[in-house]
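Enquirer: return a 3D structure for these sequence lines:
(one chain, ligands or ions: 2)
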Amino acid sequence: MSVRPRLQCKLLDERLRDYLPHYATQGSAGMDLRALLDAPLTLVPGDCQLVRTGLAIHIADPNLAGMILPRSGLGHKHGIVLGNLVGLIDSDYQGELMISVWNRGQSEFTLAPFERLAQYVLVPVVQAELALVDSFEDSARGSGGFGSTGAY
Ligand SMILES: O=c1ccn([C@H]2C[C@H](O)[C@@H](COP(=O)(O)OP(=O)(O)OP(=O)(O)O)O2)c(=O)[nH]1
Ligand SMILES: [Mg+2]
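Expert: Numbers count the residues shown, from 1 in each chain. Ligands and ions are numbered 1, 2, ... in the order given. Take a look at the predicted model:
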């Protein structure tokens with residue numbers, strides 16, 4: 001197995017020391033992030049709130065990025081997903097990781113302080129350069145999209 005990148009991480013609230021993100025199993029792709037709340041937060045259906053995590057992670061390497069993704073249990077059972085659908089964390093971002101929590105369900109949901117509400121995944125990134133051209137060499141797909149290959 002390859003070496004794990006070491007990412008600098010700041011705790012912006014001492015209470016987080018007891019709740020450091022970690023991989024729940026050897027094969028976990030993400031580390032769960034917890035809600036830094038002083039009191040329970042109730043989201044009525046349709047409500048979207050920005051929730052602190054109390055963590056700042058400086059990835060530093062431009063060939064990596066962070067992604068904040070919903071937890072499947074919360075999303076499927078309670079309709080608790082992300083207001084931005086997916087959070088993309090730039091490698092040069094040094095601020096607090098914030099989670100946009102959206103109740104897309106039909107019932108009220110109360111988030112408890114330090115509850116795990118999303119997950120952080122580190123992914124490889126390739127930065128590109130754009131080379132302007134007037135035409136492309138033909139490909140099998142051409143400009144077909146949005147169902148052009150058939151309905152089933
Ligand atoms: O769920 C998220 C998404 C983003 N961020 C932070 C890290 C990211 O690097 C920064 C900017 O995110 P993005 O580029 O998606 O937002 P923007 O609306 O384009 O803001 P900006 O103009 O700052 O790039 O905000 C979070 O903390 N949580
Ligand atoms: Mg941006």
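Enquirer: list the residues that contact Ala140.
Expert: Not one residue lies near Ala140 by CB atoms under 8 Å, 6 or more residues apart in numbering. Any C-beta I mention is one placed from the backbone N, CA and C, and that applies to glycine too.
Enquirer: secondary structure class of it, three-state.
Expert: Following DSSP: H, G, I helix; E, B strand; the rest coil, the label given to Ala140 is coil.
Enquirer: with Leu74 instead?
Expert: Using three-state DSSP, the structure places Leu74 in helix.
Enquirer: residue of the chain closest to ligand 1, please.
Expert: When distances are taken as CB to the nearest ligand atom, the chain reaches nearest to ligand 1 at Gly87, 2.2 Å away.
Enquirer: what about the protein, any weak spots by pLDDT?
Expert: Within the chain, the ranges that satisfy pLDDT under 70 run 1.
Enquirer: quick one, helices of this structure?
Expert: 72-78 (DSSP state H).
Enquirer: which residues of it lie near ligand 1?
Expert: Ile68, Asn84, Gly87, Leu88, Ile89, Asp90, Tyr93, Leu97, Met98, Ser100 (CB under 6 Å from any ligand atom).
Enquirer: who's the last one bridged to?
Expert: To tie it back to what came earlier, the one meant is Ser100. In this entry, Ser100 is beta-bridged to Leu50, by DSSP bridges.
Enquirer: that one: how many residues sit nearby?
Expert: 16 (other CB atoms under 10 Å).
Enquirer: how far away is it from Asp18?
Expert: Taking CB to CB, to the nearest Å as the measure, Ser100 falls 25 Å from Asp18.
Enquirer: could you do the second one as well?
Expert: Asn84 sits 28 Å away from Asp18, taking CB to CB as the criterion.
Enquirer: do Pro62 as well
Expert: 32 Å.
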